[in-house]
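Participant: Here's my sequence, what's the structure:
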Amino acid sequence: GGIRFNEDERWTCRLQAALGPDYLVTEEGLSGRTTVFPDPLHETMDALTVIYSLLKSHEAVDLLIIMLGTNDVKERFGANAPCIALGMERLVRKAQSVDCWGDHAPNILVVCPPCILPEMEGSDNGLTMGRGCIEKSRALPPYLKAHVALTGAHYTEALDCEFNRVDGMHLTRRGHAQLAEKLAEEKHADVIIGTDPDCDRVGAVVRNDKGEFVVLTGNMVGALLTEYILARKHEQGRLPANGAVVKTIVTTELITPICEAYGVEKMDVLTGFKFIGEKIKGFEETGSHTYLFGFEESYGCLAGTYARDKDAVVASLLICEMAAYYKEKGMTLYDALLALYEKYGCYREDVMSLTLKGLDGVARIAAIMKGFRENTPEAFAGVKVVSARDYKTQIFRDIMTGTETASPLPVSDVLQYILDDGAWICIR
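Facilitator: Okay, here's the model as predicted:
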């Protein structure tokens with residue numbers, strides 16, 4: 001409790017990623033800040049006191065987004081919902097009067113925060129928030145909307161963004177993502193990009209054919225980047241004869257026909273980017289192949305040999321470059337994905353993750369793997385198993401002929417079943 005989300009998790013930073021390099025989003029968030037009410041317990045917590053200096057320090061300002069009101073409901077301020085809304089009106093008018101807007105009129109968007117949940121009363125924050133906060137929070141939206149309208153500023157609501165169930169008054173990680181998506185929608189963003197805290201994994205959200213945002217899986221992003229990189233190199237005459245794309249065994253097989261189309265070798269390694277890194281090292285030592293791209297289904301990829309691990313920094317740039325390329329052709333990344341399916345076939349995917357905790361969990365996992373290993377399923381959903389690959393015993397068995405071959409990869413507690421229709425199931 002009391003710890004802020006990382007830079008890649010807060011809605012302001014997610015909004016920056018969604019809008020792209022043509023925009024600069026600068027955050028001035030402060031825990032406990034009010035609109036106009038001075039806090040007797042903390043100094044200069046009201047935005048009215050600092051709004052002038054903040055705006056002048058970022059001159060010229062194109063757009064000011066204000067999301068305040070939750071702290072104003074604290075009992076010690078003695079303000080009801082109409083008074084809080086009036087405070088917002090005063091703050092907006094103050095911001096409009098600051099000479100920081102360059103050559104355009106003041107442009108302000110007020111975001112009404114989600115309503116406080118009942119969980120707040122039983123949390124540590126509930127002790128200092130005081131009585132009546134939930135009721136005032138629920139009553140605030142219509143008053144806030146009305147008073148913002150009087151100023152001519154823009155208004156939207158974050159009421160449907162997810163609040164956590166611990167203190168009932170702060171956005172969850174998902175809530176931050178939802179708010180960024182909502183604001184990006186108003187800016188008509190084409191792509192939203194998000195990374196994890198150490199910036200080695202990257203995910204993308206794009207618009208579908210209905211203009212709605214949809215999440216791309218790691219396999220989808222990897223397949224799109226594979227096609228984009230190979231196609232552009234082919235067009236430019238820079239595709240080496242010994243080029244190679246490396247993926248993990250649990251990553252989509254859509255990569256196989258893509259590589260075949262460009263005369264590039266596709267290689268499989270065990271799960272974990274270190275194995276892709278080992279391939280890169282081997283290529284450099286032997287000169288056998290030229291590494292072009294590598295990725296895994298869990299949102300990690302690497303374009304180039306400057307590192308031996310997945311890198312979301314360059315990947316984010318590539319996703320933006322790819323989106324710009326297709327946009328010039330009148331296509332979205334969603335359109336590009338559909339074109340990929342039309343060219344190579346549609347590949348579906350699903351992941352089921354089961355968490356079994358403690359020593360009992362470890363024992364159950366071992367028993368499950370032992371059961372599958374000793375009793376190869378005949379079929380899944382009515383589709384026959386034609387090949388069973390055991391990366392622990394290193395035996396690959398053709399079910400139809402009984403022929404056994406050795407695994408080309410290191411030992412790992414993984415079972416993979418190839419089905420009669422070309423689908424596969426992996427258990428690990």
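Participant: Buried residues, stretch 373-385. List them.
Facilitator: Going by neighbour count (16 or more other C-beta atoms under 10 Å), the buried part of stretch 373-385 is V385. For every residue, glycine as well, the C-beta is placed using N, CA and C.
Participant: Nearest residue to M322 in space, please, no chain neighbours.
Facilitator: Using C-beta to C-beta, 6 or more residues apart in numbering and skipping the chain neighbours, the partner closest in space to M322 is Y228 (4.7 Å).
Participant: What is the burial count for that neighbour?
Facilitator: Residues lying near Y228 (other C-beta atoms under 10 Å) number 22.
Participant: Over to V362?
Facilitator: 11.
Participant: My understanding was that it contacts I368; is that so?
Facilitator: No. With contact defined as C-beta atoms under 8 Å, V362 does not reach I368; the gap is 11.0 Å.
Participant: Return the distance of whichever strand or helix holds the residue nearest to M322 from the chain's centre.
Facilitator: Using DSSP states H and E, Y228 sits within helix 218-235. Computed by C-alpha atoms, centre = their mean, to the nearest Å, the chain-centroid distance of helix 218-235 equals 20 Å.
Participant: So which other helices or strands are in contact with the helix or strand that comes right after that helix?
Facilitator: Downstream of helix 218-235, the first helix or strand assigned by DSSP H and E is strand 243-248. Applying 3 or more C-beta pairs under 8 Å, 6 or more residues apart in numbering; DSSP states H and E, one finds that strand 243-248 contacts helix 218-235, helix 255-261, strand 265-269, helix 273-286, strand 290-296.
Participant: ok, 7 Å please
Facilitator: Strand 243-248 sits against helix 255-261, strand 265-269, helix 273-286, strand 290-296, with contacts defined as 3 or more C-beta pairs under 7 Å, 6 or more residues apart in numbering; DSSP states H and E.
Participant: among these, which is nearest R232?
Facilitator: Across those, R232 has its closest neighbour in strand 290-296 (11.0 Å, C-beta to C-beta).
Participant: Hey, what's the angle from that closest one to strand 243-248? Just curious.
Facilitator: Here strand 290-296 points in a direction 20 degrees away from that of strand 243-248 (axes from the mean of the first three to the mean of the last three C-alpha atoms, to 10 degrees).
Participant: G168 is nearest to which of the helices and strands packed on strand 243-248?
Facilitator: strand 290-296 (37.3 Å).
Participant: angle of the closest one against helix 218-235?
Facilitator: Using the same axes, to 10 degrees: strand 290-296 against helix 218-235 is 160 degrees.
Participant: Show residues contacting strand 290-296.
Facilitator: Applying C-beta atoms under 7 Å, 6 or more residues apart in numbering, the contact partners of strand 290-296 are 218, 222, 225-226, 229-230, 240, 242-248, 251, 264, 271, 273, 276, 280, 283, 301-303, 305.
Participant: tell me the contacts of I418?
Facilitator: I418 neighbours (C-beta under 7 Å, 6+ apart): V386, S387, W424.
Participant: in the sheet, who's paired with it?
Facilitator: S387, W424 (DSSP bridges).
Participant: ok, so what distance separates the closest residue to T252 other than its chain neighbours from G300?
Facilitator: Nearest non-adjacent residue to T252, counting by C-beta to C-beta, 6+ apart: N219, 4.0 Å away. Look at N219 and G300: by C-beta to C-beta, to the nearest Å, they are 12 Å apart.
Participant: Same check on Y391?
Facilitator: 20 Å.
Participant: Neighbour count for those two, which is higher?
Facilitator: Neighbours were counted for Y391 and for G300 using other C-beta under 10 Å; G300 has more, 24 against 21.
Participant: ok, the closest residue to that one other than its chain neighbours - contacts?
Facilitator: Nearest residue to G300, sequence neighbours excluded (C-beta to C-beta, 6+ apart): K310, at 3.2 Å. Applying C-beta under 7 Å, 6+ apart to K310 gives the contacts D200, R201, F273, G300, C301, L302.
Participant: same thing but at 8 Å, please
Facilitator: Going by C-beta atoms under 8 Å, 6 or more residues apart in numbering, K310 touches D200, R201, F273, F295, E296, G300, C301, L302.
Participant: quick one: which of those is most hemmed in?
Facilitator: Busiest of the contacts of K310 [other C-beta under 10 Å] is F295, holding 28 neighbours.
Participant: what pairs with that one across the strands?
Facilitator: Beta-bridge partners, per DSSP bridges, of F295: K247, C301.
Participant: what's the distance between T70 and R173?
Facilitator: From T70 to R173 the distance is 18 Å (C-beta to C-beta).
Participant: And these two? Which one has more around it.
Facilitator: T70 (25 against 17).
Participant: So what's the residue count around D39?
Facilitator: Going by other C-beta under 10 Å, the residues that sit close to D39 add up to 16.
Participant: Cool, thanks, talk later.
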